[in-house]
Structures are given as structure tokens and as C-alpha cells.
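Undergrad: Okay, structure incoming, though there's no sequence with it:
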């Protein structure tokens, strides 16, 4: 009974720590299955198969890499395998969670329907294939559903939800915007329609209302500015005012209002989501506490040994000293038990990354103390620690940059490359001689890792390239390309020397998780459009490589494109003939349409975050315990979400238990939780 | 002595109310001159002459409207007049402010030098003209200095200061960005330089480093996407990744960082400016208090009659009942005197716009009560008040929109226009019959004013047009254009019927002041560039109107433009031949370069503001006093600045006097005022 309670409590704490919301049955078997379900290897496997499933588009017709012989059947087989894995994962989840909850969750229903539909599609397609009829694999656009709906992709789901929530508000602004475009178009029709003006191409100017609306709509994107205005402007310069007013209102003001509404709504809904998460975490920790509590004196507490067992279960791989540290924090007065308030904090404490900095001596100091501490050795070590050493290497990097830009054909420059490589290797060796290697390659020493791996990779690639050249006379293009890229990447190091640049780079590295979520979103959208695009446009535009002499090459193999700007600009490779091309076309379309606004909002938040973080860094506590040194790095607070969550948690009074789970899930961004008046001011 | 003190105190309060910082001498004469200096007519005159000075460019060579005969001398004469006015204004200011302060202020020095330099330029130009030598009026780009440096343009100056303050921070990001561009260019040179690739035009692709840097820089603006990528992409689709990574890093990530840095800095410096203003206001109010205080019991107070005299001096045009209301608020316990805390609030109280809503009866109700309250009259009145009435007119407007779009030539449609006009006039008459006219045309009834003026203007213009047509056979084009525009503008009314649209429109109207500041900034920049551009490019590109047959028209009168895209697209009118054309060219360049980001930041702030305002609106107090009804509208809190100021003021504890004036002026955004620990958390 007690062991079962402990297991269950551990599962609650685990859930709270990772901000999940997986309701599980309380039977010991279910709890054990729950652990298995959340094991990193199981999650990694799920992701692996999701990406295999998505990557199938590379090999399916129209393929980027056409598999030989039985390839077509191989992709189908792999797809069936993926479906089996997804089904297995779902069954596993069904074992963990109570039946009623399982069938209420749209995510599960979605996955099940997708599996079923895909299977039907596969069977129909196979049957048609055997009868030599060409079918369409119409279930392929459904594949991103697996990426979105498995419980692991919480962030992407939240982003989608935010977008969906913003739609109603945006609609009103969009309607007003369209109203304005229609009004201006009507005005343009009345002002210019009867003037007998001609466009540059000689067609009548602004005589058809629908054409005007289209032109004015395009003008909002400034794509046809100033062409659309020129005929009216040539007629009288007063008419220019009409277009200027139009651009100011519709391009600048309305676009700004759009952005502002999106950003405001995004923030509002994100805050609500985060508030839900904060309450959920609190509630789970209280559930866990209630399972383990015993009465001691006036209040309920959790005994120290119970607490230790719990932590061991939740986080099996943290060190004993780390656990001792956590206990010290949770049980400050060393009463041998943890009270409710401290217990609730456990989920957060577990999230704090503790880097154990062992104050090692340098191995050479241990093995050859006399040599290592001799005058020349000390001299070298102080030289390496000197600022001038860094500057010297900055100068070397700059000289290297000039050499890279010079012509490769010159043999002296080719030799210089070896000199630079040697210099860099010497630098790393000197640093390893001076600094303790385990500290030098500590987990948070990003730049050291970066430098060393770039240099070693460059060394390997250069040696490989030289070896290939001496054997086969000509260079391998791929290897050479890699050598070039690595050589140029080496120059990035110069950023690290300048404090200001380092700060900016760290900010950029910190927003990576948010960028990844955004990338996932883009992947889902691109994938669906690519698959659909391929079915519709495949083969419509053909690319003829290199020095082909067929006349088809002049019009991309499609007579309709004869003399088109598309063919003249040699855009033939921008087609939907395989998934890679499709992605690139979509990317090109995106770039010209400038969707960077959404990202801006997130970055703004993050700048604030990083400023706050910088302020807080001084306060990072270093605790000495049993000769070990801990450095507490706030690993999980990198994303905006995490920061917002911390904010909301600070607002929930510690003695408050929060609303019930059902209430939490139905919280709306507009109603502040009634018991907590502080929210009103903060929201 | 006492009267002088009162005058001086009133000047302090006046300064605090309008957030000025004009230190004045304490002699009665100086204070009286100070009042004159701040009189609205003097300010309006200054602005008028500043704009006359700027508008001179319309008439100076190269002129938009060439003045006949002695026109050239007329502009010079007007300019001398303007300079005299500016000098007079400056001398006036010198009389008001202590000499030491006057000579320390860079604004004054700037104006003086500008006046002097312009005079020298005028004399030299005139002398050259008499000797028939063509001189250059090189002092013309200095004219916007008057717009910036007169004390009235505080907002524009603040915007300029914000931009200047942001520069250092931006520089680092820009350097990192350039570093990234250079690195990628180097990589591109190494990857594509030796491939013998050709661009669409047949020139070698990516072989010259500087050309690559230029191309890559342009790619950041996505202007040459995807053209710049196509040769490499055609060669191998892997190379496409290079460009995708480049665009993601340099276009999306770096541009977002730029925006974020600008926005953050803008906010930071704005907060500092506002904090200065808040302290300044507090200090001035305390100075005023100290001039008037008398000891009563334990504390210092200002007597009621003194206070009333003061308010009369500061705001002579507010009504007695309004003043009584202010006194009631300042002296809540009706002790016959105002304490320090209430006194300090006076500057804000004076800023609150009080709209006196007199609960009139309808004049018809007074004159013909029997008729007005008869059953048919009541019936009409309830009909007009009914929602259906609004809906009916919305439908009429929609039908009207269709009629406007239809062909004007048809006589029936021409008659329909009269029908619609009549319907709208009937609507206004009905509303005036139902609602009290003075309330209907109250100052805050924007939409009623808008409707009525549009309808009346349309009526006048249509009548005028018909009259002209019957007299002169053909229409006057200008009048017809105005009729068309008015007709379409009528349709805007439909927005007012939908609550959501009204909210958005109100937000847009509220950000007008911020937009105006922005417009001033743009005006200054455009003006300087236009004048310089005209001197350099004037006459280089010529426009030949309409159906000219000269061959010059084909290449804009400049042989260098033969067969250019510029001439082919008929861009000849985009030239620097006069100030209007120059402004339009600059506007076109701006539109394509998309500077809307800065505006976004301001709008974001304003959205928050307006949300807060909506929340606060319920709290708007309506006080009944002596049978009058006051509605307090927060007129001066419309701009972001005002809101920020209110915020900071709330943070200064009421008993605190703040730092001294010199300390205030030297406040930096990074140091919170030491006496006030609250600031640290808030900033």
C-alpha cells in the first residue's frame, strides 16, 4: 500500500516537474506503465518513427531519391511499421490513463482515425496498383497529425491553439481592412475610370472594379508600387495624394493594427495557458503530498526517508550529493521532515540544473608536479591566461580570413592553410595544458566545444582531402565543400572575444527552443501544402540540367510557359516535382511574403527575459556542500513560457490549493480566478 | 509682493500643467512676458511662420508654382520676414528666461546660428543674382531646424533624442550582422566561385567578393530572391540550403533582433524622459505651493481665495462651476484651504477635460410642447430611437454603394443620387427632431459631426455641380472629384453601426497624436533630402506630359536613360524637379523599404493603453454639482507618453519632493533615483 502510494506520488511529482497533464490510473501496474511510457527512450522512439513517416515523402513517387526495384513496396511497408508503432504507443497510453479520460481526449481520437484512414488508403492504393491503375495516396497530408497530436508536442499544439484563438479578433480587423480597400477602390473607379488613362502595357487603367480591388490589394504589399500609381500621377500630381493616403492607411496603419492585435492576443492566451499549467503543477504536488503526509505536531509533513525515496524514484540519475542539497533546501531547519510548502516547491527544485563543478587539480599537476610547476611551465601558463594571448589569436583569425579569400590555386596559400591549422591546434593544446581539461570541456562551455570540434573536423577533412587528392588526382567536391565551410566557420570565434557580441549571441542561442517550436509549426504547414501541391502540379514544370540542348529547356518543358517571365528568369527548378523542391518553392513564397512579424513578438518577450536573467545572474547561488561546488544554472527557464510560468507561480499564495482540475482546464483568458484578486492587477 | 508671488506661482502651475520646462525670471515683468510668450496666439503664429518658411520651397526655383514677375524676390522677402519673426520670438524668450540659462541652451544657439547663416546666404545669393551669376541657396536644408528647435516641438525633439540614444546599441547588432554577411559571402565565394556558373544575364556568378557581399546584402531585403539563388540551385539542390540558412539568420533573426533592440531602447529612454517630466512637474508644483503657503495649525496650506485667484490666472477660460468642482476635489473636507498633497495634484486636475453636459429639454418641447408630445410625434421619436432605424439606414447605405459603382452616365442613376441625398438629409432632420440639438452636436460626438458635415458638403457640391453643368455645359473636374469622394466617404458611416469596428476606429483616432509626431519627424527628414536632392538632380529626368510626340519623352529627356527599365516603366515623373515631386519620390522609396516597424512598437504600447483605458472608463466619475452634470474625459492621457507619466507619478510617494532640478535633468535611464527603491522594481 505504502510503496504503491509512493510510486503514485512520484508519478504526480514527475508530471508536475515536466508540466505534463497525463491523468493516470492509481493501480501499481498503471503507475509502472506510466513510468515506462515517459521513459526518454520511448519518447525518442516515437519521435524517430514520426520523422521516418514524414521522411517517406522523400522516397515515394515523385521521389527525390527513387528507390530501386521494390522501392515502392518498401515505403508502404515502412509506413505500415510506423502505423504499428503509433498504434502501440496509443495502446500503451490507454493502459496508463483511465478509460473515460482516454476516450474523451480528441488527440487520441485523432490519432486513431488517422491510423485507420491511412491503412484504408494503403490497401486501396495497393489494390489499384496490382490492377495497374494509378491511384492517389490521398492520406499523406494527414501525416503531420501524428507530429501534432502525440503528447510530446505540447509546444506546437499550444502555438496552433494560440493562432486559432487569435482568429476571431483578427477577423474584425480584416473586415475593416477589406472595407477600407473596397472603399478606396470605389473612389479610384470614380476618380480615374472615365479619364481614358492607359497603363504602361497600354491596357485601360482602373476601369473594372474587380481589377481595381485586386490592384489596390496588391498595393498594400507594396509589390506594384509605384507602377500602379504612375498613370494617375502623370495625369495630375494631385491624384498622387490619393495613393499616398491609401498606403499610409492600409499598409502602415492597418498592418500595424494587425500585428498589434495578434501580439496582444498571443500574449493574453499564452498567459492563460501558463496560468493553467501553474495551477496544475500546484495541484499535482498537493496530491502527491496528500499521499505521503503524516501528522507531526500541528501540521502534516513528509518524513525525510519517504522524501528521499520519492526523489530517487522521480529522478533516478541525480547524484547523492545533489539529493542532499535538495533536502537541505527543502528542510532548512533540519527537522528530519519536509513541510507542505517546501514539498510543493520540489517540482521546481528538480528542474534546476545543478552543475557539479569539482575543483580538480590539473592531471599533469598530479602526475608530474615538478615539471608542471617549473618556471618555464608557469611562464607558459601565465602567458596563455594573459589577455594578449586572446588578442594574438584574434589577429591570426583575421589574417586567416584574408588568406581564405585569396585564390586557392596558389600553392603558398595552400601551405598557409596548414600553418593556420597548426596554430589553432597549438592553441587548443596550450589551453588544455593551462586549464583543467574536465573544466575546459564542462557542459556549459559552449565556445570551447565549438572551437575544438570545428578544428578537429577541419583537421580530419583537410587530411582526408589531401589523401584523396594524392590518390585520385581530382578533389572530392563534397569533402572540399565541407573543408571550405569549416574554414570559414572558424572565423566565428572572433565574436567570442568581444563581450557585447557574446551577449547578443547568447540571447540568440537562448531563443532556440522558441525557434524550434516555430520550426515545427512551419514544418507541419509546409508538409501539407507540399504533398497537396505535388499531387496537383507534379510534372507541370520541368527542369533540364546543365548543358542540355533540348528546346524544351527554354520553356521548362511546358509550352504554356513559352516567353513567360518565369522561364526567362530560369525559374524552371522552382517546381512541385518532389518534396524537396516543393519545400524550397514554399520557402521562397514565404520569404517574399515577409512573415517575420510573428517572430518579432516572441523575440521582444525574450529580450525582456534575457535582461531579467542578466540581472538575476548575480544572484545565482553557489552552495558549498561536502567539498563539492554547485553552480545553479536556470536551464529550464530559457523559454518565454517558463518565465511567464514562474511569474504566475509567484502570484499564487503558497497556502492556496488552487481550483480543481476541471476548473483549471476550463479557465478562460478573460476571467481571473475569483479567489485570487492579485491576478486582476497583474493580467 | 503677494500679487507678484501669485503670478509667479501661477506661472509654475502653468508650466507644470503643460509639462514645459521654461525657467523664467521671477520679476513681475518677466512673469507677465512669460504669459504672453505662452499665449496660444503667439504659439500659433510661430508655427504659422515656420510652415510658411518651409512652404517657400514650393515657390522657389525649381518651383511647383512659379510666381510671376518679381516672384523670386517675393520668396526672399517672405523668408526675411520669417527670420525676423523667429528672431523676435527668440528675443521674447530671452526676456523671460534668466540670461545664464538662455545662453546655455543649445536650442537657442541653434536658432540664432541658423538665422545668421540664412541671412548670409540670402545676401550672398542676392549679390550673385544682381551680378547675374547663378548661386546655390545652400542654407535651405537648415529650415527644419526651426521646426525642431522652437520650444513647442518637444515631441519631435524627444523622438530624435530617442533615435540618437538607440544608435550605440544598434551599432553592435549591426556590426554582428555585417560580420555574418561577410562570413556568408566568403563561404559563397569558396563554394561557388570556381564552379564556372553563370547568372541569367550570362555574367559570371559569385566570382568577385565585393559583388557577392552586395548581392548577399540585397538578399537580406529579399529583393533579389530567388534570382540570386537560382544558378547555385540549378547546379545542385543542396546549395539551396546555404541560401535558406542565410535568409533565416540574416533576414528573420537579425532583423528581429534589430527591431527588438530599437524597441527596448526606445522604451527605456522614453521611460527616463517621462520620469524626468514627472519629477519636474512635482517640483514646480511644490515651488508654487511654497510661494503661497501659510501656516495653519501644524501644517502649511494655501487659503481658498488664494487658490481661486491662482486657478483663475492659470486657466482663465474655465467656468465658475468647473472651478468650484476642482475646489471640492482639492479641499474635500471643506476646511477653506488646500493642503500640500491636494495642491500638488492641481496640475493634473486642470488637465482633466470636463465636459459640461447640460440637461436641456428639446427646444421644440419648450416652444410647442403640445405638438412635440402628441401621439404622432412620440411615434416618430420612438421610431428614430429604435435599432431598426439604424439598420434601415445601413441597408440604404449599402444600396447607395451599389449605385455609386454603377455607371454615372445613366440618367436614372443620376436621379437616384438625389434620392439618396434626400434620404440622408431626412435622417439628420429626424435625429435633430428626436435628440436635443446641443447634445447631438456636443464636442465628443465625433460621428454626428462627421455625418452632418459630409452630407452638407455633398449637398453643396452636388448643387454647385448641377448649377455649373446647366450654365457651362461641361462639368468642372475638381468639383466632380470632390462630389465623388464625398459620396464614397458617406459609406464610412456603416462602421459606426458595428460595435467592434467602432472600437478599432476609436483606437486609430486615439493614436493620431503619436502619428503626428511621427509625421513631423518624416517631414524634417524628407525636407532636408528633398532640398539637397533638388540641388543635385534637378532637371536630370524630365517628364513630358500627355500626348507629346517628342522623342525625348521616350527616355525622360536624358539620353543616359535610353532603353532603361526606368524609362520603359514610364517613371519619368519620379524626379527631383520640384519639392512636390521630390517628396513623392522619397515616399516611394520609403514604401518599398518598409519602415513600418518603428510604428508598430508605438502602436503596441497604445493597444495596451487603450485596453487600460477601456477598463478605466467604467470608473469615470460623474459628479453632480449644482444641477450641472460633469463628464470627466481623460483628454490628455491619449498619448503613450501621458500614460507612462501617470504611471511614474503614481510611483513617487506623495510626500516626496524629488531631486533638485539639475539632478532631474541629468537623470540617466540606468540609474534609478536612489531615494526611491520602488523604481528599481518598476523599471
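TA: Received, thanks. As the structure is a prediction and not an experimental result, all values here were calculated from the model.
Undergrad: quick one: the helices in the stretch 351-500 of chain A?
TA: Counting by DSSP state H, counting those that start in this stretch, the segments of the stretch 351-500 of chain A that form helices are A:363-367, A:369-372, A:375-385, A:387-405, A:411-434, A:437-440, A:446-472, A:477-490, A:493-496, A:499-510.
Undergrad: Pipe the ones you listed into CSV and attach distance to residue A:18 and mean neighbour count per row.
TA: Where C-beta positions appear, they are placed from N, C-alpha and C, glycine not excepted. Conversion of the helices of the stretch 351-500 of chain A to CSV gives the following (distance: least, CB to CB, whole Å; neighbours: other CB atoms under 10 Å in any protein chain shown):
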stretch, distance to residue A:18, mean neighbour count
helix A:363-367, 38, 12
helix A:369-372, 45, 12
helix A:375-385, 41, 12
helix A:387-405, 40, 15
helix A:411-434, 37, 14
helix A:437-440, 29, 14
helix A:446-472, 24, 15
helix A:477-490, 35, 19
helix A:493-496, 33, 18
helix A:499-510, 20, 15
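Undergrad: I'd like to know which of those helices is closest to residue B:47.
TA: Evaluated over those, closeness to residue B:47 peaks at helix A:499-510, with 42.5 Å, by CB to CB.
Undergrad: Using TSV, lay out the helices of the stretch 351-500 of chain A together with mean pLDDT and distance to chain B.
TA: Below are the helices of the stretch 351-500 of chain A laid out as TSV (pLDDT from 0 to 100; distance: least, CB to the nearest CB, whole Å):
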stretch	mean pLDDT	distance to chain B
helix A:363-367	84	36
helix A:369-372	84	38
helix A:375-385	89	26
helix A:387-405	87	6
helix A:411-434	86	12
helix A:437-440	82	26
helix A:446-472	84	13
helix A:477-490	81	4
helix A:493-496	80	7
helix A:499-510	78	5
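Undergrad: CSV please, covering these and showing distance to residue A:343.
TA: Shown next, in CSV, are those (distance: least, CB to CB, whole Å):
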stretch, distance to residue A:343
helix A:363-367, 42
helix A:369-372, 48
helix A:375-385, 46
helix A:387-405, 48
helix A:411-434, 45
helix A:437-440, 35
helix A:446-472, 35
helix A:477-490, 48
helix A:493-496, 42
helix A:499-510, 31
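Undergrad: can you tell me which of those comes nearest to residue B:233?
TA: Comparing those under CB to CB, the one sitting nearest is helix A:477-490, at 15.1 Å.
Undergrad: after the helix or strand hosting residue A:121, next one along is what?
TA: Under the criterion of DSSP states H and E, residue A:121 resides in helix A:106-130. The C-terminal neighbour of helix A:106-130 among helices and strands, as given by DSSP H and E, is helix A:144-149.
Undergrad: who in the stretch 251-400 of chain A is up against chain B?
TA: Residues of the stretch 251-400 of chain A lying close to chain B by CB under 8 Å from any CB of the partner chain are A:251, A:252, A:253, A:255, A:256, A:257, A:259, A:260, A:261, A:263, A:264.
Undergrad: okay, the residues you listed in TSV with pLDDT next?
TA: Putting these into TSV (pLDDT from 0 to 100) gives the following:
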residue	pLDDT
A:251	82
A:252	81
A:253	83
A:255	79
A:256	78
A:257	81
A:259	77
A:260	77
A:261	79
A:263	75
A:264	76
